[in-house]
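Novice: requesting a structural model of the entry that follows:
(chains A and B)
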Amino acid sequence: MPAYEPLLEARHLTNYYEGIGGLFGGKAKKALSDVSFDIGKGEVFGVVGESGCGKSTLCKAILGLIEYEGQILVDGELLGSRYTKAQRAKVQMVFQDPNGALNPKKRIGWIMEEPLRIHKLYSKVERLKRIDSMLELIGLDSSYKTRFPSELSGGQKQRVCIGASLMLNPALLVADEPVSALDVSAGAQILNLLKDLHQRLSLSILLISHNLNVVYYMSDRIAVMRDGQIVELGKAEDIYNSAKHSYTKALLAAIPDIAQERAAPALGAGFASRPEAGPEIRAEACRYCSLCPDALPICASESPELKSVGLDETHLVRCHRA
Amino acid sequence: MSSSKLLWASSLSIGIDRDGSYYPAVDGIDFYIGKGEILGLVGESGCGKSMTALAITGLLPDGVAIKKGSVLFEGENLIGMPEKEMARLRGRAISMVFQEPMSSLNPLMKIGKQVSEAVRLHDPKPKREAERLAEAVLGKVGLQNPKVLMQCYPHQLSGGMQQRVMIAMAIISNPKLMIADEPTTALDVTMQAQILDLLKSINQEYGMAMLFISHDLGVVSRFCDRMAVMYAGKIVEEGTVSNIFKHPVHEYTRGLLESIPRADSRGKTLASVKGRVPNIFEKRMPCAFAPRCQKVQDRCLKCDPPNIALSQNHTARCILAENESEINYASI
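Specialist: I've put the predicted structure just below:
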């Protein structure tokens, strides 16, 4: 294994949303609170969590689409409040719904050329050549250049989205739920493609998903997020096979796995009363304590820190019990 | 046996007539749902799952018509039933829950009014009484503070809460059959787990049968009693969930099962079904799956695959199923 070299370092990312007058009163909501992690070169880093846990906010922050407190470094270079063009080219994005991500009135060739046009790279001939080789790389062929998005299936559209995001040779690809809008078989093909590109181009990928199985399949390391915090972070095997945080355990139990026996416990255990109607939790308490089956008295009065368990310091858990 | 069948569809065909030609979306399918049973209908998008559900409730979009076949619901044929009678059954005896809760709820109407309206439509009760019932049912589907909730508009609720409201509306008239079309696809895993638990408890408590449409085989394996796999308008494999998951016979079912990332698939390439579902205007092979099948043979391109019974509770529409000897499910 090559020496670990960080490509992206995120330090103490914090982001607030304005309070919105909702059903249960409005106040400023911390979408991200003190999120720190790094992604190594050529690493696939997975982030899992329920909707509203801050996954997508994290991904917007990394892309520089929203303002945040804290620092993000790519290749050791600090990204400012407005990214330069060169910085933008380094981090590219694949969205969840390929139907919404492609301009329906433009041909695939035009769509894939757009990043090069914006960054004023190469001559027209050279661009076309690069589009052809990219189409081949993503498992399509050059005849697709003249087609419109509506002529493609969902899986093919997602391939085009991935191809377009790779036109600028980014170092990091941010994929926000890349397969959740696709059928299982198309989703499997996209996961295979991402894995293949990761190996061939030694591309780093930040994979965001609510499906722990998908993240486990793809990732080297996994961060579990809840309520804007990382509650557990570690090697994929450690998270999947020896989860320490009870929230991670509940997430794992919620996956309806075909390998499981039907007599397994109810899927919803551990989420019985979601915070949507939960009691007011004291600010200094562990944010999971009202749902945690193993809560200690200290959990209600003191917020736990992210600390390492095990010997090699790769497995971090935010829990008093750890 | 027939007395325990709640819904029985036979040789149901649904299609589009366009420019003098007929294009089938659903091509002569047979299935039944027993009383209190949960039948899962699985397949990729474009396989005709939703069309089947819409045909049962008489809600097919314009231009799509039922070509032939019958759907018996408690002995009454739903096909060709006058709209007035259909409207009487719909919501009361057969109810539906759709994928997108937000687009099924009226954004301009308070939750309380929408839910009590569902009662009053079939049962002319005083408004007060309907509201009391609505409040009770909202509590039953696991929503806290139903009184406050009744005064809310749909946009003030989370996706999971909206889906619970939809389920409340669907069960409020105590239907015998609920058709759930991808009810958890728009939700994330944890919310999905809760909604499935809720549906299961309703199924057990009221003995309400369900037609559960999904493309997630993981969900189907945990939730359904029997399942039917659809491909290009035909049911290609049908049987009890435990039989099919222990011993899938049709290559399509196998492909679907292998495309799901599982705990043991890490580090391997996911086997996926190559290609895509033919759209309904394309000409199909006798076996529509042949172009994507890894074990395709000459015979597949010439004659219709027979529907072969592998056991009492397991059939597959594939010529290769002929070679399957008596399956001993217990030993697998």
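
Novice: number of nearby residues for B:C300?
Specialist: 20 (other C-beta atoms under 10 Å in any protein chain shown). For every residue, glycine as well, the C-beta is placed using N, CA and C.

Novice: actually, B:L217.
Specialist: 24.

Novice: so what's it scoring on pLDDT?
Specialist: We have a pLDDT of 86 for B:L217.

Novice: wouldn't it be in contact with B:E258 here?
Specialist: No. If you go by C-beta atoms under 8 Å, B:L217 and B:E258 don't touch, sitting 10.1 Å apart.

Novice: residue boundaries of the helices in chain A?
Specialist: A:55-62, A:85-90, A:98-101, A:108-118, A:124-137, A:154-166, A:184-200, A:212-218, A:236-241, A:246-254 (DSSP state H).

Novice: rebuild those as TSV, extending it with distance to chain B and mean neighbour count.
Specialist: Below are those laid out as TSV (distance: least, C-beta to the nearest C-beta, whole Å; neighbours: other C-beta atoms under 10 Å in any protein chain shown):
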stretch	distance to chain B	mean neighbour count
helix A:55-62	10	22
helix A:85-90	28	16
helix A:98-101	12	17
helix A:108-118	17	19
helix A:124-137	17	15
helix A:154-166	7	23
helix A:184-200	4	21
helix A:212-218	4	24
helix A:236-241	7	19
helix A:246-254	4	23
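
Novice: tabulate those helices (JSON lines), appending mean pLDDT and distance to B:A130.
Specialist: Listed next are the helices of chain A as JSON lines, based on pLDDT from 0 to 100; distance: least, C-beta to C-beta, whole Å:
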{"stretch": "helix A:55-62", "mean pLDDT": "86", "distance to B:A130": "40"}
{"stretch": "helix A:85-90", "mean pLDDT": "87", "distance to B:A130": "56"}
{"stretch": "helix A:98-101", "mean pLDDT": "88", "distance to B:A130": "39"}
{"stretch": "helix A:108-118", "mean pLDDT": "93", "distance to B:A130": "52"}
{"stretch": "helix A:124-137", "mean pLDDT": "92", "distance to B:A130": "59"}
{"stretch": "helix A:154-166", "mean pLDDT": "91", "distance to B:A130": "42"}
{"stretch": "helix A:184-200", "mean pLDDT": "89", "distance to B:A130": "42"}
{"stretch": "helix A:212-218", "mean pLDDT": "88", "distance to B:A130": "42"}
{"stretch": "helix A:236-241", "mean pLDDT": "88", "distance to B:A130": "49"}
{"stretch": "helix A:246-254", "mean pLDDT": "85", "distance to B:A130": "35"}
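
Novice: ok, A:A295 - contacts?
Specialist: A:A295 sits next to A:286, A:289 when contact means C-beta atoms under 8 Å, 6 or more residues apart in numbering or on different chains.

Novice: separation between it and chain B?
Specialist: Distance from A:A295 to chain B, counting by C-beta to the nearest C-beta, to the nearest Å: 18 Å.

Novice: same check, this time on A:G54
Specialist: A:G54 is 13 Å from chain B, by C-beta to the nearest C-beta.

Novice: contact residues of the stretch 51-200 of chain B facing chain A?
Specialist: B:143-145, B:148, B:152, B:156-161, B:188-194, B:196-198 (C-beta under 8 Å from any C-beta of the partner chain).

Novice: in strands only, show me those residues.
Specialist: Counting by DSSP state E, those place none of their members in strands.

Novice: can you report how many residues lie near B:P24?
Specialist: When neighbours are defined as other C-beta under 10 Å, B:P24 has 18 of them.

Novice: same check, this time on B:E37
Specialist: 21.

Novice: now swap in B:L301 and tell me
Specialist: 12.

Novice: got it, and B:P126?
Specialist: 9.

Novice: ok so, going back, now list the buried members of the residues of the stretch 51-200 of chain B next to chain A.
Specialist: B:143, B:152, B:156-161, B:188-194, B:196-198 (16 or more other C-beta atoms under 10 Å in any protein chain shown).

Novice: wait, does stretch A:173-181 contact chain B?
Specialist: No. Under the criterion of C-beta under 8 Å from any C-beta, stretch A:173-181 makes no contact with chain B; the nearest approach is 8.8 Å.

Novice: off-centre distance for that stretch?
Specialist: How far stretch A:173-181 lies from its chain's middle: 7 Å, per C-alpha atoms, centre = their mean, to the nearest Å.

Novice: what lies in contact with stretch A:94-105?
Specialist: A:111, A:148-150, A:154, A:157-158, A:160-162, A:165, A:173-178, A:180-182.

Novice: kindly recompute the last result at 6 Å.
Specialist: Residues from elsewhere that reach stretch A:94-105 (C-beta atoms under 6 Å, 6 or more residues apart in numbering or on different chains): A:111, A:149, A:157-158, A:161-162, A:165, A:175-178, A:181.

Novice: tell me which two of the residues you listed sit farthest apart.
Specialist: With C-beta to C-beta as the measure, no two of those lie farther apart than A:I111 and A:E177, at 20.5 Å.

Novice: from the buried ones among the residues of the stretch 51-200 of chain B next to chain A, which land in helices?
Specialist: B:159-161, B:189-194, B:196-198.

Novice: next, name the residue at the spatial heart of chain A.
Specialist: Geometric centre of chain A, nearest residue: A:I208, 2.2 Å, by C-alpha atoms, centre = their mean.

Novice: isn't that one up against A:T57?
Specialist: No. Applying C-beta atoms under 6 Å, one finds A:I208 not in contact with A:T57, separated by 10.5 Å.

Novice: quick check: closest non-adjacent residue to A:L173.
Specialist: A:I205 (5.0 Å; C-beta to C-beta, 6 or more residues apart in numbering or on different chains).

Novice: in the sheet, who's paired with that neighbour?
Specialist: A:V44, A:L173 (DSSP bridges).

Novice: let me see the contact set for it.
Specialist: For A:I205, the contact set (C-beta under 6 Å, 6+ apart) comprises A:44, A:173, A:198.

Novice: can you tell me how far it is from chain B?
Specialist: Distance from A:I205 to chain B, by C-beta to the nearest C-beta: 15 Å.

Novice: what do you get for A:I39?
Specialist: Distance from A:I39 to chain B, by C-beta to the nearest C-beta: 19 Å.

Novice: check contacts around the closest residue to A:H210 other than its chain neighbours.
Specialist: In space, and not counting its chain neighbours, A:H210 is closest to B:D188: 4.1 Å by C-beta to C-beta, 6+ apart. Contact partners of B:D188, counting by C-beta under 6 Å, 6+ apart, are A:50-51, A:210.

Novice: would you list these in CSV and tack on distance to A:R318?
Specialist: What follows is the contacts of B:D188, written out as CSV (distance: C-beta to C-beta, whole Å):
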residue, distance to A:R318
A:E50, 16
A:S51, 20
A:H210, 19
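
Novice: could you identify the least confident member of the residues you listed?
Specialist: Ranking the contacts of B:D188 by pLDDT, A:S51 lands last with 75.

Novice: what is the neighbour count of that residue?
Specialist: 17.

Novice: using the three-state scheme, assign the closest residue to B:G28 other than its chain neighbours.
Specialist: Distances taken as C-beta to C-beta, 6+ apart put B:S11 closest to B:G28, at 4.7 Å, once the chain neighbours are dropped. Classification of B:S11 by DSSP: H, G, I helix; E, B strand; the rest coil places it in strand.

Novice: so B:S11 touches B:G69, yeah?
Specialist: Yes. With contact defined as C-beta under 6 Å, B:S11 reaches B:G69; the gap is 4.4 Å.

Novice: look at the two and report which has more neighbours.
Specialist: Between B:S11 and B:G69, B:G69 has the larger neighbour count (other C-beta under 10 Å), namely 18 against 12.

Novice: ok, that one to B:P24 distance?
Specialist: According to C-beta to C-beta, to the nearest Å, B:G69 and B:P24 sit 11 Å apart.

Novice: lowest confidence element among the helices and strands of chain B?
Specialist: Sorted by mean pLDDT, DSSP states H and E, the helices and strands of chain B end with helix B:101-104, the least confident at a mean of 82.
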